[in-house]
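**Student:** One predicted model, sequence on top.
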Amino acid sequence: MAKRPVDRRKPYVRIADDLRRDIASGVYPVGETLPPGAKLAEKYRVSGMTVSNAIAVLRDEGLVTTRQGARGATVIATPDAQQAGEAPPERSEEFQLLFTQLQEIRGQLGRLGARLDDLDERTRDL
């Protein structure tokens with residue numbers, strides 16, 4: 001029985017590679033938010049700092065953007081576009097403002113959805 005080769009890459013590199021592959025395959029399309037760091041840390045069984053390092057790699061590659069206080073990084077480009085030598089499109093100030101507002105609305109909708117789920121759970125037996 002042959003042994004599987006040991007992956008000697010650092011954990012944050014493996015996570016960045018997995019997320020990059022997911023972005024390229026459309027699991028996380030442009031405009032979509034990656035899962036929060038805590039969920040990724042749980043999935044990969046690593047610390048939050050390791051996940052932060054993986055996200056930093058993708059941010060440095062121009063694939064995601066992060067905002068302080070936001071839950072998860074947002075995909076802004078795909079690896080195939082980066083490999084094709086395309087520079088990330090310049091974003092106008094108006095686009096950035098609208099994109100930020102959209103992210104805030106998505107966050108609010110997520111919180112409202114969670115509250116509705118909680119209310120449904122509480123009132124299920126009434």
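**Tutor:** On my side now, so go ahead.
**Student:** Contact partners for Arg67?
**Tutor:** Counting by C-beta atoms under 8 Å, 6 or more residues apart in numbering, Arg67 makes contact with Thr74, Thr100, Gln103. All C-beta spots, glycine's among them, are computed from the backbone N, C-alpha and C.
**Student:** Tell me which helix or strand comes right after the helix or strand of the chain with the lowest mean pLDDT.
**Tutor:** Averaged element by element with mean pLDDT, DSSP states H and E, the chain has its least confident helix or strand at helix 79-83 (a mean of 62). Of the helices and strands lying after helix 79-83 in sequence (DSSP states H and E), the nearest is helix 93-123.
**Student:** Show me the shaky parts of the chain.
**Tutor:** Counting by pLDDT under 70, the ranges of the chain that qualify are 1-4, 81-91.
**Student:** any idea which residue sits dead centre in it?
**Tutor:** Averaging the C-alpha coordinates of the chain gives a centre point, and the residue nearest to it by C-alpha atoms, centre = their mean is Leu34 (1.9 Å).
**Student:** Now for that residue: which residues touch it?
**Tutor:** Counting by C-beta under 8 Å, 6+ apart, Leu34 touches Leu19, Tyr28, Leu40, Ile55, Val64, Gly72, Ala73, Thr74, Val75.
**Student:** Tell me the buried residues within those.
**Tutor:** When neighbours are counted using 16 or more other C-beta atoms under 10 Å, the contacts of Leu34 contain these buried positions: Leu19, Tyr28, Leu40, Ile55, Val64, Gly72, Ala73, Thr74, Val75.
**Student:** And the fifth one, its phi and psi?
**Tutor:** Val64 has phi and psi values of phi -130, psi 160 when expressed as degrees, to the nearest 10.
**Student:** Okay, it and Val75: tell me how far apart.
**Tutor:** Distance, Val64 to Val75, using C-beta to C-beta, to the nearest Å: 6 Å.
**Student:** joint contacts of these two?
**Tutor:** Shared between the contact lists of Val64 and Val75 (criterion: C-beta under 8 Å, 6+ apart) are residues Ile23, Leu34.
**Student:** Whatever helix or strand Val51 lives in: how far from the chain's middle?
**Tutor:** For Val51, the element it lies in under DSSP H and E is helix 48-60. A distance of 10 Å separates the centroid of the chain from that of helix 48-60, by C-alpha atoms, centre = their mean, to the nearest Å.
**Student:** Done for today, thanks.
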